[in-house]
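S.K.: How does the following fold in three dimensions:
(2 chains)
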Amino acid sequence: MANAPLVSKELDLSHDEILRYSRHLLMPEVGLAGQRKLKASSVLVIGTGGLGSPVALYLAAAGVGHLGLVDYDRVDFTNLQRQVIHGMGTVGLRKVDSARARLLDLNPDIRVETYDEPFTSENAMRLSAPYDLIVDGTDNFPTRYLVNDVCVLTHKPNVYGSIFRFEGQVSVFWADRGPCYRCLFPEPPPPGLVPSCAEGGVFGVLPGTIGTLQATEALKLLLGIGEPLIGKLLLFDALGLSFEELRLKKNPRCRICSAEPEIHELIDYEAFCGVPGHDHEDGHLAREWEVEPAALAAELKAGKAVRLLDVREPHELEISRLPGAQLIPLGSLASRLHELDSAEELVVFCKSGTRSARALELLAGAGYRKVRNLYGGINEWARQVDPSLPQY
Amino acid sequence: MITIRVPTPLRPYTGGAKEVEVSGETVTEALGDLVQHYPDLKRHLFDDAGALRAYVNVFLNDDDVRTLQGEATPLKPGDRLMIIPSIAGGAPTGWRREERQEPAPSARIRLGSVPTRPA
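M.R.: Numbering: from 1, shown residues only, chains lettered A, B, ... in the order given. Below you'll find the predicted structure:
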């Protein structure tokens, strides 16, 4: 299939730009015409984190003339393990500002628009309207379905990348030419099945690999060269250093891109996924199921019999541990309930409270009544009670 | 034998195993054999009625079984099944409190099934 470039418009290059892009101009697949197309191209990058860092850096370096960055977060010290667009000098700043400064340092000839707001059903159409293509570098299911639906409804390609620990996925979802994200994933998994990177961890270089592949696909689409990953899902396993390519087909019953779609406009994606996509305050555990670290420390000091249940993974004990705590990783809790006594007072904890909330749900469902969740996990314990413990 | 590739998010339920050898003449039978060996995996693959969950993607060799004969797709020895997970990781734009130094709210998840604590 002839692969028409996404962008047909071209913009003139200055002498400086011709010099800057000389390694592109030497290749006939890009050449002067291709470089002029890139200058006239625009890409919206959703998320300036692990994936968005290499995506934005390489698109800027390659000379994509207009980049949009959407992120409402601020740069955190723990981001720097993988989010290489940011640095020590921008910790605490808005990510979009940090990223914009770095991109313009790399290439002052491009235009970078920043949107310091969450990508939502309300603003998605407006924010994406000026752009030729969208790169999905988010970390949550509601936003992924939103990005997909925006792209399907506006006929734009969605350059998809996703990571977990040592594994990554890449595809180009473009409903006009192949399957969309919903064709492959008609429904999101229930909340709690797939841990976030903060919880499950991520190999720092992995988003570099996957994001760079996304940038590769974006540039190919803009230029109209090569074979795009349309109708294919690329799986990458960093540990085995293996790539696998799976064939994807359009789902004839897809709710948004089939011949008779049910979805004609953007929906409530948080309700659809059963999770908050952004930093909402709802969904909290009722207070009576929680105990503050300081309060627990007081109970223990007063001699109250409380069993501490650590639901983290064994290797996390090397970072920090509470004396006397019993370890049962969340994944094996269901099959090891017999090791616990439901008559005992139980306090469950993990790193920061999410896995232990899930454990509490499981325990409560199994009839345990004297069970509480340690608010904020062992990291909060380190802050409130024992500063000798490191936080991670 | 059929080889099933277990994705990272589900490996905690297979004792860390990345690939598992099972037997079965259909996709249903192979997955049934898998969860027989790893009972903790069952609720992640099947609903209470025993049907494969809608978000579980199973590929036979390179093809989505939904484009073949679904769960009834016949298997032959040496076939490779892959369970393809939905993974969302990328940038910390959601669930983001955990990335920060401030305490995470204990439950970013819905806890609909937690019963009310008896008075």
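S.K.: Nearest residue to A:Asn123 in space, please, no chain neighbours.
M.R.: A:Glu117 (6.5 Å; Cβ to Cβ, 6 or more residues apart in numbering or on different chains). Quick note: C-beta positions are derived from backbone N, CA and C, even for glycine.
S.K.: Which secondary structure state does the one you found sit in?
M.R.: coil (DSSP: H, G, I helix; E, B strand; the rest coil).
S.K.: Contacts only, for it.
M.R.: Residues in contact with A:Glu117 (Cβ atoms under 8 Å, 6 or more residues apart in numbering or on different chains) are A:Val70, A:Tyr72, A:Asn123.
S.K.: Of these - the most surrounded one?
M.R.: For the contacts of A:Glu117, counting by other Cβ atoms under 10 Å in any protein chain shown, the largest number of neighbours falls to A:Val70: 30 neighbours.
S.K.: Let me see the contact set for it.
M.R.: A:Leu44, A:Val45, A:Ile46, A:Gly47, A:Thr48, A:Val96, A:Tyr115, A:Glu117, A:Pro118, A:Phe119, A:Leu127.
S.K.: Which residue does the stretch 1-150 of chain A have closest to chain B?
M.R.: Residue of the stretch 1-150 of chain A nearest chain B, by Cβ to the nearest Cβ: A:Gly49 (2.4 Å).
S.K.: name the element that residue belongs to?
M.R.: Following DSSP states H and E, there is no helix or strand that holds A:Gly49.
S.K.: what's around A:Asp136, how many residues?
M.R.: Quick note: A:Asp136 (other Cβ under 10 Å) scores 30 neighbours.
S.K.: and the closest residue to it other than its chain neighbours, which of the three is it?
M.R.: With sequence-adjacent residues excluded and distances taken as Cβ to Cβ, 6+ apart, A:Asp136 is closest to A:Val147, at 4.6 Å. Assigned by three-state DSSP, the conformation of A:Val147 is helix.
S.K.: Show the pLDDT at A:Val147.
M.R.: As predicted, A:Val147 sits at a pLDDT of 97.
S.K.: Same question for B:Ala119.
M.R.: At B:Ala119, pLDDT is 33.
S.K.: what do you get for A:Cys257?
M.R.: For A:Cys257, the pLDDT comes out at 97.
S.K.: Against A:Ala295, how distant is B:Arg5?
M.R.: Distance of B:Arg5 to A:Ala295, given as Cβ to Cβ, to the nearest Å: 46 Å.
S.K.: what does B:Thr67 give?
M.R.: With distances taken as Cβ to Cβ, B:Thr67 is found 55 Å from A:Ala295.
S.K.: A:Arg100 too?
M.R.: Distance from A:Arg100 to A:Ala295, by Cβ to Cβ: 44 Å.
S.K.: ok, those two, which is more surrounded?
M.R.: Neighbours were tallied for A:Arg100 and for A:Ala295 using other Cβ under 10 Å; the higher tally belongs to A:Arg100 (20 against 15).
S.K.: Low-confidence ranges, chain B, go.
M.R.: Counting by pLDDT under 70, chain B has low-confidence residues at B:90-119.
S.K.: The longest helix along it and chain A in contact?
M.R.: Using DSSP state H, we find that the single longest helix of chain B is helix B:27-37. No: under the criterion of Cβ under 8 Å from any Cβ of the partner chain, helix B:27-37 makes no contact with chain A; the nearest approach is 12.5 Å.
S.K.: Could you identify the helix or strand that succeeds that helix?
M.R.: Taking DSSP H and E, what comes next after helix B:27-37 is helix B:42-45.
S.K.: Can you list the strands that the helix or strand following that next one pairs with?
M.R.: Next helix or strand after helix B:42-45 toward the C-terminus (DSSP H and E): strand B:57-60. Applying DSSP bridges, strand B:57-60 is found paired with strand B:63-64 (antiparallel), strand B:80-84 (antiparallel).
S.K.: A:Gly331 is nearest to which of those strands?
M.R.: Set against A:Gly331 and scored by Cβ to Cβ, those come closest in strand B:80-84, at 15.8 Å.
S.K.: hang on, A:Gly324 packs against A:Leu308?
M.R.: Yes: in terms of Cβ atoms under 8 Å, A:Gly324 counts as a neighbour of A:Leu308; the distance is 6.2 Å.
S.K.: neighbour-wise, which of these two wins?
M.R.: The neighbour comparison of A:Gly324 against A:Leu308 (other Cβ under 10 Å) goes to A:Leu308, with 20 against 10.
S.K.: Can you tell me the element that one falls in?
M.R.: Assigned by DSSP H and E, A:Leu308 belongs to strand A:307-310.
S.K.: related to what we said a few turns ago, what is the neighbour count of the residue nearest to A:Asp136?
M.R.: The burial count for A:Val147: 29, using other Cβ under 10 Å.
S.K.: Alright, I will stop here.
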